[in-house]
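Peer 1: What shape does this take:
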Amino acid sequence: MSLSLPKLILLPAAAVGVAAVALVAALAAPLRMPPPLASIHAGAMNIDRKGMPALSRFQARDGTWLAYRLYPAQDGATDRLAIVTHGSSAASDEMNVVARTLAQNGVAAVSIDQRGHGASGTRGDIAYLGQLDDDLADLIGEMRKSYPSARLELIGHSAGGGFTLRIAGGPLGAQFDRFVLLAPYLGYGAPTNRPNVGAGKWVEVDFPRIVALTLLNRLGNTWAQSLPVIAFANAPEATPFVTNSYSARLAGNYGPPADWRTAFQAAAGRIEVIVGENDELMNAPAYRDAVEPLGAKVSLLPDVDHLGIVHRPAALAAIVAAAAPAAVR
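Peer 2: Presented below is the predicted three-dimensional model:
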């Protein structure tokens, strides 16, 4: 059956209309929150907050005051400085035991509230892709006032480990002596992820909204990048202290680069992965096959889970040894 000329004219318009309705629906539908993941909440509650310094602040290039906690080396040393960054939805307090232990072993440490988390900026959002990289460069400039010649290490947990890898493979990586990735998230589809279901379901991803935002971005429309696209399985009582969802631009910046393999190769010889064998979110043995051929050392720790990597004694010893081997006592 042939189509008449009016029908041929109307068909593209109808298709555009349907596509527009689908696009609006994808943007307007609320982001679902996943059920709380008990192991993550329990792990967070087990992190010792004793000896945690008060928040300090520095002014980033856009004028925003960002928060961090400074742990001076207990022996007064200023030759090493570790910048430590938390996992997804968390803040600087998650890394208190790591930073405190480094300071006890002669390595000054700075635990940061990444923009969009804790006391830094608007929770769950940033202004543009790459802003976290700019913030880190600004923080280094601030720290150089007190530690002008210190060798720098960057240590990140989970999504913060992915971000650490992003920095390692980029221009800012040249400023760091070493990188330590704690159970790092290497991106959607990476072989090191466990299935995001059941006991391992940490995030709810709004794939229709991500597709819609990607299409808009290709058309030059970035106004909707502030919409949330992923939500975390936090317990309700944790809401005052955590970031429950990420905007598209925060999700795109706080994590690994698209080509994580090339980033590992760029930092070969300066990068180590430490992960617990009992990690409920990450497939620990898979790291060896995935990243050791790319020049990274991998340490697997028995009886350590995803949050145990930032406070268990065996994990702390491995972190100190990786970040500053000469400091181990």
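
Peer 1: Which secondary structure element is home to Arg69?
Peer 2: Arg69 is part of strand 65-71 when elements are defined by DSSP states H and E.

Peer 1: which strands and helices sit next to whichever helix or strand comes after that strand?
Peer 2: Once the chain leaves strand 65-71, the next helix or strand it forms, by DSSP H and E, is strand 80-85. The contact analysis (3 or more Cβ pairs under 8 Å, 6 or more residues apart in numbering; DSSP states H and E) places strand 80-85 against helix 96-104, strand 108-112, helix 131-143, strand 151-157, helix 159-168. Glycine gets a C-beta too; all of them are placed from N, C-alpha and C.

Peer 1: change it to 7 Å
Peer 2: Applying 3 or more Cβ pairs under 7 Å, 6 or more residues apart in numbering; DSSP states H and E, we find strand 80-85 packed against helix 96-104, strand 108-112, strand 151-157, helix 159-168.

Peer 1: List the neighbouring strands of it plus their orientation.
Peer 2: As defined by DSSP bridges, the strand partners of strand 80-85 come to strand 108-112 (parallel), strand 151-157 (parallel).

Peer 1: give the contact list for Leu250.
Peer 2: Shown in contact with Leu250 (Cβ atoms under 7 Å, 6 or more residues apart in numbering): 116, 124-126.

Peer 1: Drop anything exposed from these.
Peer 2: Buried members of the contacts of Leu250, counted by 16 or more other Cβ atoms under 10 Å: 116, 124-126.

Peer 1: would you list those residues in a markdown table and tack on pLDDT and secondary structure?
Peer 2: Compiled in a markdown table, the buried ones among the contacts of Leu250 are given as follows (pLDDT from 0 to 100; DSSP: H, G, I helix; E, B strand; the rest coil):
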| residue | pLDDT | secondary structure |
| --- | --- | --- |
| Gly116 | 98 | coil |
| Gly124 | 97 | coil |
| Asp125 | 98 | coil |
| Ile126 | 98 | coil |
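
Peer 1: nearest to Lys297, of the residues you listed?
Peer 2: Closest to Lys297 out of the buried ones among the contacts of Leu250 is Gly116 (30.5 Å), distances taken as Cβ to Cβ.

Peer 1: pLDDT score for the nearest residue to the closest one once chain neighbours are set aside?
Peer 2: The shortest distance from Gly116 to any non-neighbouring residue, by Cβ to Cβ, 6 or more residues apart in numbering, is to Leu250 (4.8 Å). Reported pLDDT at Leu250 in the predicted model: 98.

Peer 1: you'd agree Leu250 is in a strand?
Peer 2: No - Leu250 is assigned helix when assessed by DSSP: H, G, I helix; E, B strand; the rest coil, not a strand.

Peer 1: separation between it and Asp75?
Peer 2: Applying Cβ to Cβ, to the nearest Å, one obtains 37 Å for the distance of Leu250 from Asp75.

Peer 1: repeat for Phe179
Peer 2: Distance from Phe179 to Asp75, by Cβ to Cβ: 24 Å.

Peer 1: For those two, indicate the residue with more neighbours.
Peer 2: Neighbour comparison, Phe179 and Asp75: the larger count goes to Phe179, with 28 against 12 (by other Cβ atoms under 10 Å).

Peer 1: Thr164 is in contact with that one, correct?
Peer 2: Yes - the criterion here is Cβ atoms under 7 Å, and Phe179 meets it with Thr164 at 5.5 Å.
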